[in-house]
Structure formats: C-alpha cells, structure tokens
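Peer 1: this one's sequence-less:
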C-alpha cells in the first residue's frame with residue numbers, strides 16, 4: 001500500500017481549518033446587544049423601581065447559575081441572554097438600571113426592558129413599570145454614558161453595529177384591552193392594533209435617528225394560549241383550551257407588523273430590520289409538545305399553574321418537580337427550555353438575513 005505524502009495531510013489540515021472558519025462565520029457579528037420591551041426580555045430592571053411586578057424572589061431563577069432569582073420572569077435565562085451567548089457577545093445581558101453596571105458590560109449591551117410594559121403608556125399606569133417611551137429615554141442616557149466611557153466615535157460604532165432587540169405588545173392586549181378593557185372604550189381591536197403599530201413605528205424611527213441600524217423585532221405570541229388568560233376566561237378549570245379569538249387578533253397584529261417593517265426598511269436607509277415570527281414556534285410547542293419534551297402546555301409550573309405569576313409565585317406556591325416538562329414557568333411566562341427552542345429558531349435563520357447588504361431597500365426579512 002502506497003504511503004500518503006505530507007502534502008496530503010497538509011491539504012486535509014487546510015480543509016478542516018477552512019471548514020472551521022466557515023462554521024464560525026455563519027452568524028453575524030455584533031459588538032453589543034441592546035434590548036427594549038416587556039417581561040420576555042427584562043433581565044432585572046424592575047428590581048430597581050417601585051412596582052409589585054418583580055421576579056427577584058424564590059422560586060424564580062431556580063435554573064439560573066447559582067439558582068439566584070435575578071428579576072427575570074422565568075426559571076432561568078431569557079432570549080436576550082441566550083441570543084447574546086449564541087452570537088458570542090456575552091453570556092448574560094444586564095439590566096441598565098443596575099447601579100453596579102460595569103463599563104465593560106455597558107459597552108457590550110444592556111436591557112432597558114421592563115416586565116408589564118408595552119407600547120401604550122396607559123398599559124403601565126397602574127403597575128408603575130417602565131413603558132417603551134421611557135425606555136427610549138433610558139436609551140438616550142445610555143448613549144451619553146457610553147460616550148463618556150469609550151469616546152464619541154467608538155460609541156457611535158457600538159450603537160451602529162449593535163443588535164437592537166424589541167419585544168413588546170402582549171401586555172397592551174392582555175391588560176389594557178381584554179382583561180381590563182380600558183382601550184376598548186376607545187378602539188375596536190383593529191383600531192388598537194393600528195394605534196400600537198404607530199407607537200412602534202415612532203420608536204424605530206427615533207432609535208434609527210440615534211444611530212441604530214440592526215433591528216430584530218419580535219411579533220406577539222399566541223397570547224390566547226397563555227395559562228393566565230385561559231384561567232380568566234374559563235370557569236371550568238379542567239376544560240382548558242386556547243382562546244381562539246385572541247390568537248386570531250395576535251395573528252392579525254403580526255401580519256400588519258410585517259407590513260410596517262417593510263415600510264420602515266424602505267424609509268430607514270442603511271438599516272436592517274428583521275421581523276421575528278414568535279407565534280408559530282410557540283404554537284408548534286403547544287400543538288406538538290412531545291416533540292420538545294413537554295407534558296404540560298396549559299398550566300404554569302409554579303404552584304397550581306392557574307394564577308401564579310410575579311408576587312403570587314412564591315415560597316407558598318412551590319414549583320413543579322420537573323420544570324423542563326412545562327412550556328410555561330408561571331402562568332404568563334415560558335421557562336428557559338422554551339426560550340432555548342425560540343432562540344435556536346432565531347439563530348438558525350438570522351445569518352441569512354443580516355449577511356445581506358444593508359444599503360439596499362429590499363423587502364424586510366422574516367425569521368419564520
């Protein structure tokens with residue numbers, strides 16, 4: 001048998017090296033991640049404001065490193081954490097209001113999000129959490145602080161290159177239209193969708209004017225399947241099923257949102273605005289739970305799984321034995337396992353969107 005020449009092994013080495021480089025470059029590179037929205041992306045800002053909507057107590061965070069409750073409304077990490085880790089930015093995204101926030105953490109990104117918030121300022125009136133309009137003000141303070149830390153030119157590069165993640169809208173519908181019908185005195189559901197989407201457009205335009213160029217915008221999930229909503233609408237707790245009318249409204253909102261994203265992509269030249277379809281992945285987990293290892297999708301893991309959320313999810317309402325088998329951690333928020341599936345879905349698709357040139361006015365990309 002003929003011996004293999006050294007050049008053969010050298011070619012194999014080059015092939016393996018090239019394959020490794022391709023694998024490492026399949027995801028876009030961002031210097032920072034900046035997050036605005038609600039409890040799905042709030043990494044602890046509510047800890048530092050006067051509101052009952054907090055998750056800085058047991059049993060929240062039981063799957064978090066050192067089992068610490070951090071203010072995240074889940075048993076572990078949220079999508080911003082998992083996304084930042086998957087993109088190689090950092091392992092965890094800190095809350096902007098943390099007084100111990102380091103300069104290094106500041107320069108690689110923070111979350112401005114607040115649990116219970118929405119695009120509509122009225123949504124936060126009773127809860128005293130931070131609406132998106134105020135989060136934008138915090139963003140402006142962040143930019144000024146970043147200028148002092150790294151200098152004006154470097155700050156501009158960080159903001160311009162950062163991935164800006166926005167996730168909001170669900171609380172506006174649940175707590176300002178369905179459960180507490182404040183806005184229903186003023187709007188039908190179509191009108192309220194348009195009202196929220198105008199707020200969203202204004203937010204994107206302001207962030208763009210502040211120098212942001214890479215946006216990832218999450219649609220709303222099938223909020224008619226949230227355990228809290230099911231409990232609120234059904235007197236018979238054993239007959240638990242999704243509220244189809246509310247899911248239909250969620251789908252209608254998302255459909256309009258994709259059109260708005262297209263318009264914004266055309267008007268915000270040089271930007272990249274990607275719509276993220278959250279609805280279908282979550283609905284797939286509900287319809288095919290066994291595919292994801294879930295055994296319960298209509299109740300939360302905390303306590304009875306019917307009403308426990310925030311302050312009602314506590315030491316007197318211990319969690320289920322195996323949270324990984326539950327889609328929802330409490331009666332509103334998914335657990336870390338579900339968030340991991342959503343994040344994998346995002347990462348699997350985002351490279352094909354952000355690798356494309358941002359200097360064209362092509363239609364928006366959708367992470368479906």
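Peer 2: Everything's here; your move. Source: prediction; values computed, not measured.
Peer 1: where does the chain have low pLDDT?
Peer 2: 1-26, 235-237, 355-365, 368 (pLDDT under 70).
Peer 1: and the top helix by length along it, what does it pack against?
Peer 2: Secondary structure of the chain per DSSP state H: the longest helix is helix 244-267. Counting contacts by 3 or more C-beta pairs under 8 Å, 6 or more residues apart in numbering; DSSP states H and E, helix 244-267 packs against helix 170-173, helix 189-209, strand 272-276, helix 279-287. For glycine as for every other residue, the C-beta is placed from the backbone atoms N, C-alpha and C.
Peer 1: doesn't residue 110 make contact with residue 142?
Peer 2: Yes: Residue 142 lies in contact with residue 110 (C-beta atoms under 8 Å); the separation is 6.7 Å.
Peer 1: so for the two, which residue has more residues nearby?
Peer 2: Under the criterion of other C-beta atoms under 10 Å, the comparison of residue 142 against residue 110 puts residue 110 first, with 26 against 20.
Peer 1: next up, the contacts around that one.
Peer 2: 34, 35, 93, 94, 95, 96, 101, 142 (C-beta atoms under 8 Å, 6 or more residues apart in numbering).
Peer 1: so which of these are in strands?
Peer 2: Counted as lying in strands by DSSP state E, out of the contacts of residue 110, are 34, 35.
Peer 1: would you list the buried entries among the contacts of residue 110?
Peer 2: Neighbour counting by 16 or more other C-beta atoms under 10 Å classes 34, 35, 93, 94, 95, 96, 142 among the contacts of residue 110 as buried.
Peer 1: tell me the one of the residues you listed nearest residue 336?
Peer 2: residue 93 (14.3 Å; C-beta to C-beta).
Peer 1: for residue 37, phi and psi?
Peer 2: Here is the backbone geometry of residue 37 (degrees, to the nearest 10): phi 150, psi -140.
Peer 1: show the contacting residues for residue 44.
Peer 2: 56, 70, 71, 72, 94, 95, 97, 98, 111.
Peer 1: which of those count as buried?
Peer 2: Buried by 16+ other C-beta under 10 Å: 70, 71, 72, 94, 95, 97, 98, 111, out of the contacts of residue 44.
Peer 1: any chance of those residues in CSV with distance to residue 295 as columns?
Peer 2: Output for those, formatted as CSV (distance: C-beta to C-beta, whole Å):
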residue, distance to residue 295
70, 27
71, 28
72, 24
94, 34
95, 33
97, 37
98, 36
111, 31
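Peer 1: mind picking the two most distant members of those residues?
Peer 2: Farthest pair in these, by C-beta to C-beta: 72 and 97, 14.0 Å.
Peer 1: determine which of the helices and strands packed on helix 244-267 approaches residue 232 most closely.
Peer 2: For residue 232, the closest of those is helix 170-173, at 12.9 Å, according to C-beta to C-beta.
Peer 1: identify all contacting residues around the closest one.
Peer 2: If you take C-beta under 8 Å, 6+ apart as the criterion, helix 170-173 is touched by 38-40, 116-120, 123, 183, 192, 196, 220-221, 223, 226, 246, 249-250, 253.
Peer 1: one more time with 7 Å, if that's ok
Peer 2: 38, 116, 117, 118, 119, 120, 123, 196, 220, 221, 223, 249 (C-beta atoms under 7 Å, 6 or more residues apart in numbering).
Peer 1: dump these to a markdown table, plus secondary structure, distance to residue 340 and neighbour count.
Peer 2: Shown next, in a markdown table, are the contacts of helix 170-173 (DSSP: H, G, I helix; E, B strand; the rest coil; distance: C-beta to C-beta, whole Å; neighbours: other C-beta atoms under 10 Å):
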| residue | secondary structure | distance to residue 340 | neighbour count |
| --- | --- | --- | --- |
| 38 | coil | 19 | 30 |
| 116 | coil | 24 | 25 |
| 117 | coil | 24 | 31 |
| 118 | coil | 25 | 25 |
| 119 | coil | 27 | 24 |
| 120 | coil | 30 | 25 |
| 123 | helix | 28 | 29 |
| 196 | helix | 28 | 26 |
| 220 | coil | 20 | 25 |
| 221 | coil | 15 | 25 |
| 223 | helix | 20 | 24 |
| 249 | helix | 28 | 21 |
